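Structure for the following, please:
(one chain, ligands or ions: 1)
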Amino acid sequence: MHLRELDLANTARYRAGGSAPGRLESEGLPVQTQSPRRSGPLNGHDVKRIRPWFWCCAVAAWAALPAFGAPPLPIFDAHLHYNAEAAAAYPVPAVLDILRRNSVRAILVTSTPNEGTRTLLAATSPDLTVIPFVRPYRNDADRATWFRDPETLTLLEAELARGAYRGIGEFHVFGDDAASEVAQRVVDLATARGLYLHAHCDERALERILGHNSAARVIWAHSGFSVPPERLERALERYPALRGELSYRYDMTTSGRLTTAWRRLLLRFPDRFVIGSDTWVNQRWERYDEIIAWYRGWLADLPEDVSKAIAWSNAETLFGAPTTRGAATRSP
Ligand SMILES: [Zn+2]
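Next up, the predicted model:
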């Protein structure tokens, strides 16, 4: 089972448990109720089968280096979580090490609860830019209810008063739940304050968000997760401010190479995509090197200016000049 199959199997497993007690159904990304070390799919058997794929990615990434000794492409990880579970297992120096060895120089970070984001924001590292987003979740259970809970606005107002946040999310919302009064007030709040929305949503919910407020600036987590490239193309045409983030899009590649449909889409919209690790459970932190190697593998299939844009400058452009450590740590 290689990386793509492993994550698809992981997603299917979570979907299957969507209605079980303690799990929340939301496009396959449920509440994590057990330690992934004990319950997750990465048992020894899987690890053995992943290894050849990892080396395949590593070799592709190495081949992507422009010349011997040239520094690797800097990465802007535009979908990183530092949840309580991760903070317990990966202290800040360990996180900084992981990012540094992958040449990740900027992160869009969110967490449940928001303390994790503030912790990373406060971490001093001269070679890392931290872009904090506030999450409308006090705990994992809020994932399924935030859009109908008036307390969401109270939480967001209190966090935003700290001053450094650049967006709201990642939040999960599907179908007409995005038309709820609370969800639409969150959209309006973000738009009024010039904040981005990092939305893990389906096409219907995206329509509800942008139909309600066409000025909303949405980073579409996972680019719709399972939305085929042809329909994604229609969405990018229809909503000029929409940006697509590409974690979990293992349909982009076959044996580590871009499919024709995805290559065509990336070349048509080279300035509309960003990449991210989506470290929503600790398994993703464990596999961080592998995830970034997968990106480097297919980025090498693209012209250099396009790969640089997707790896770094598209995200950098969204947030203006990189936030300096001093500016980023001012408020929370
Ligand atoms: Zn996520």
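
where does this structure have low pLDDT?
Confidence mapping of the chain against pLDDT under 70 gives the ranges 1-69, 321-332.

Residues of it that sit close to the ion?
The chain has residues 170, 278, 280 near the ion, with proximity defined as CB under 5 Å from the ion. C-beta here means a position set from N, CA and C on the backbone, and glycine is covered the same way.

So the last one, which state does it fall into?
Three-state secondary structure (criterion: DSSP: H, G, I helix; E, B strand; the rest coil) places Trp280 in coil.

mind listing what the closest residue to it other than its chain neighbours touches?
Nearest-residue entry for Trp280: His81, 5.1 Å, with adjacent residues in sequence omitted and distances by CB to CB, 6 or more residues apart in numbering. The contact partners of His81, by CB atoms under 8 Å, 6 or more residues apart in numbering, come to 109-112, 116, 170, 278-280.

repeat that with 6 Å
Residues in contact with His81 (CB atoms under 6 Å, 6 or more residues apart in numbering) are 110-111, 279-280.

mind checking the SS state of the spatially most central residue of the chain?
In the chain, the centroid-proximal residue (CA atoms, centre = their mean) is His79; its distance is 2.4 Å. In terms of secondary structure, His79 is strand; the call rests on three-state DSSP.

can you count the residues close to the spatially closest residue to it that is not a sequence neighbour?
On the basis of CB to CB, 6+ apart, the spatially nearest residue to His79 that is not a chain neighbour turns out to be Gly276, at 2.4 Å. Other residues within reach of Gly276 by the criterion other CB atoms under 10 Å amount to 26.

So what does Gly276 look like in phi/psi?
Listed backbone geometry of Gly276 is phi -160, psi 160, with angles given as degrees, to the nearest 10.

Looks like it contacts Ile75 (just checking).
No: the pair Gly276 and Ile75 fails to qualify as a contact (CB atoms under 6 Å) at a distance of 9.5 Å.

Out of the residues of the chain next to the ion, which is nearest to Pro150?
Checking the residues of the chain next to the ion against Pro150 by CB to CB gives Glu170 as the nearest, at 20.9 Å.

Please, where are all the strands along this protein?
Shown for the chain, the strands assigned by DSSP state E span residues 75-81, 104-110, 129-134, 167-173, 196-201, 217-220, 243-245, 253-254, 257-258, 273-274.

show me the residues around the residue nearest to Ala205 when sequence neighbours are not counted that make contact.
By the measure of CB to CB, 6+ apart, the closest residue to Ala205 outside its immediate chain neighbours is Ala178, 3.7 Å from it. For Ala178, the residues meeting the contact criterion (CB under 6 Å, 6+ apart) are 205, 208-209.

quick one: which of the residues of the chain next to the ion is most hemmed in?
Counting neighbours by other CB under 10 Å, Glu170 leads the residues of the chain next to the ion with 30 neighbours.

so what's that one up against?
Glu170 makes contacts with 110, 198, 200, 221, as judged by CB under 6 Å, 6+ apart.

cool, Pro132 as well?
Under the criterion of CB under 6 Å, 6+ apart, the contact list for Pro132 reads 109, 117, 121, 164-165.

Next: Pro113.
So, once contact is read as CB under 6 Å, 6+ apart, Pro113 ends up touching Arg138.

One more pass at 7 Å, please.
Pro113 sits next to 84, 137-139 when contact means CB atoms under 7 Å, 6 or more residues apart in numbering.
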